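Trainee: Provided below are the primary sequence and the corresponding predicted coordinates.
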Amino acid sequence: MKKSVILAALAVVGLAGQQAQAAVDWTISMTSGSNTNPAPAYGNTRSYASGTTGVTVSAFSATGGTSTTSSSNTSRNSNTIETAYLSIYTPSSGLGVVNRDGSNTSSVAVTSATGSDYNEFVNNGSEHSMDNEGRSDVMLLTFTDQIALQSLKLGWFNNDSDLFVLAWSGANPSGGIASQLAGKTFAQIAADTTTDPENGWKLITNLSNVGSTEASFNTTAPLYSSYWLIGTGGFNGGGVTSGDKNSSGNWISFGSTGAKYDYVKLASVGGGNMPPPPSTGVPEPGSLALAGVAFLGLMGMRRRNEKV
Ligand SMILES: [Ca+2]
Ligand SMILES: [Ca+2]
Ligand SMILES: [Ca+2]
Ligand SMILES: [Ca+2]
């Protein structure tokens, strides 16, 4: 009896929580700023806010390691992750990623680029976006509070627009969140989501063909975190994928028929604040204990009555 009362109370709380999340608490637009060109600083940040909720965004890409200049696309899960340049396209497109492996030195914003991801430059080509042609670009979003990221909207996309969202779960990493990204590989991060999902990067969702629609996710039993990772394509146990699946529901490898590269710019994100501790309508631990005592008392009375 006591158990069912508690379950009923929790059900009411759960329902109230879902209703509150039908709409996000805030939406942060990320369409303002300007680019540095030429020679941007890799690892730059851009900050945006809505009300008291603020976010700082930075860019990364799998450009490290010995295969940095290889034209092979198969290295994206074994290359180490390095900081990239977080570019901005106004007035409405939003944030893009220009990684370290560009090579177009005439119009490139990267003075020392020697890589084979050659269309990575600020003011031309489709890969000034966050893309997965050549290398896999991602954005790290660091919020001022623990929040539930629940929506995103693209201001621009080309060819295909699959996205994945990861959140850092568990304790704050002692070396800072960048230490859980830079120097690692996407394969290592993927292994973390499967072997230690409660303390590390956790896959929140794979979004297919987002396009110009506002994507919604993480609404049921939402996860709250200060650190969120958004990338192009899909994400599974091996790392990043094309985001495209065959008729059997299996991921299609980059370079195979049916795998389409994704090019996107992020215009806004929305989310929910962590709900305050319940104050009304939910029994306090103390009153639950009292209810238990009363219940035991009833049981005692019933036993005594049965004896008579
Ligand atoms: Ca790019
Ligand atoms: Ca690229
Ligand atoms: Ca797709
Ligand atoms: Ca795709």
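Mentor: Looks like it arrived, so ask away. Numbers count the residues shown, from 1 in each chain. Ligands and ions are numbered 1, 2, ... in the order given.
Trainee: which parts of stretch 219-226 are buried?
Mentor: 222, 224, 225, 226 (16 or more other Cβ atoms under 10 Å). C-beta: built from backbone N, CA, C; applies to glycine.
Trainee: Nearest residue to the first one in space, please, no chain neighbours.
Mentor: Taking Cβ to Cβ, 6 or more residues apart in numbering as the measure, residue 222 lies nearest to residue 148, with 3.7 Å between them; neighbours along the chain are not counted.
Trainee: same question, residue 228
Mentor: That would be residue 141: by Cβ to Cβ, 6+ apart, it lies 4.3 Å from residue 228.
Trainee: which ones are touching that neighbour?
Mentor: 55, 56, 57, 149, 227, 228, 229, 230, 269 (Cβ atoms under 8 Å, 6 or more residues apart in numbering).
Trainee: Pull out the buried residues from those residues.
Mentor: Applying 16+ other Cβ under 10 Å to the contacts of residue 141 flags 55, 57, 149, 227, 228, 229, 230, 269 as buried.
Trainee: Could you tell me which of those are located in strands?
Mentor: Among the buried ones among the contacts of residue 141, DSSP state E puts 55, 57, 149, 227, 228, 229, 230, 269 in strands.
Trainee: Dump those to CSV, plus distance to residue 260 and pLDDT.
Mentor: Listed next are these as CSV, based on distance: Cβ to Cβ, whole Å; pLDDT from 0 to 100:
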residue, distance to residue 260, pLDDT
55, 29, 98
57, 25, 98
149, 25, 98
227, 29, 97
228, 24, 98
229, 21, 98
230, 18, 98
269, 24, 98
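Trainee: can you put these in JSON lines and add distance to ligand 3?
Mentor: Output for these, formatted as JSON lines (distance: Cβ to the ion, whole Å):
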{"residue": "55", "distance to ligand 3": "26"}
{"residue": "57", "distance to ligand 3": "24"}
{"residue": "149", "distance to ligand 3": "21"}
{"residue": "227", "distance to ligand 3": "26"}
{"residue": "228", "distance to ligand 3": "21"}
{"residue": "229", "distance to ligand 3": "19"}
{"residue": "230", "distance to ligand 3": "16"}
{"residue": "269", "distance to ligand 3": "20"}
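Trainee: Relative to ligand 2, which of the buried ones among the contacts of residue 141 is nearest.
Mentor: Checking these against ligand 2 by Cβ to the ion gives residue 230 as the nearest, at 15.8 Å.
Trainee: so the closest one touches residue 264, yeah?
Mentor: No: checked against Cβ atoms under 8 Å, the pair residue 230 and residue 264 is beyond contact range at 9.1 Å.
Trainee: The residue nearest to residue 222 pairs with what?
Mentor: Residues in a beta bridge with residue 148, per DSSP bridges, are residue 272.
Trainee: Tell me the spacing between it and residue 224.
Mentor: Separation of residue 148 from residue 224 (Cβ to Cβ, to the nearest Å): 5 Å.
Trainee: Ok, residue 90 next?
Mentor: Residue 90 sits 31 Å away from residue 224, taking Cβ to Cβ as the criterion.
Trainee: quick one on the thing from earlier: can you tell me the element the residue nearest to residue 228 falls in?
Mentor: Taking DSSP states H and E as the definition, residue 141 sits inside strand 137-158.
Trainee: For residue 25, give me its contacts.
Mentor: By Cβ under 8 Å, 6+ apart, the neighbours of residue 25 are 53, 270, 271, 272, 273.
Trainee: can you list the residues you listed in CSV and add pLDDT and neighbour count?
Mentor: Below are the contacts of residue 25 laid out as CSV (pLDDT from 0 to 100; neighbours: other Cβ atoms under 10 Å):
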residue, pLDDT, neighbour count
53, 97, 19
270, 98, 22
271, 98, 26
272, 97, 22
273, 96, 17
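Trainee: can you tell me which of these lies nearest to ligand 3?
Mentor: Of all those, ligand 3 sits closest to residue 270, with 22.3 Å by Cβ to the ion.
Trainee: contacts for stretch 239-246?
Mentor: Applying Cβ under 8 Å, 6+ apart, the external contacts of stretch 239-246 come out as 62, 76-77, 132, 136, 160, 162-164, 185-187, 189-190, 206, 208, 231-235, 251-254, 256, 258-262.
Trainee: switch to 7 Å and redo it
Mentor: 76-77, 132, 136, 162, 186-187, 190, 206, 208, 231, 233-235, 251-254, 258-260, 262 (Cβ atoms under 7 Å, 6 or more residues apart in numbering).
Trainee: List buried members of those residues by neighbour count.
Mentor: By 16+ other Cβ under 10 Å, the contacts of stretch 239-246 give 76-77, 132, 136, 162, 186-187, 190, 206, 231, 233-235, 251-252, 254, 259-260, 262 as buried.
Trainee: Since that was my last question, I'll sign off now.
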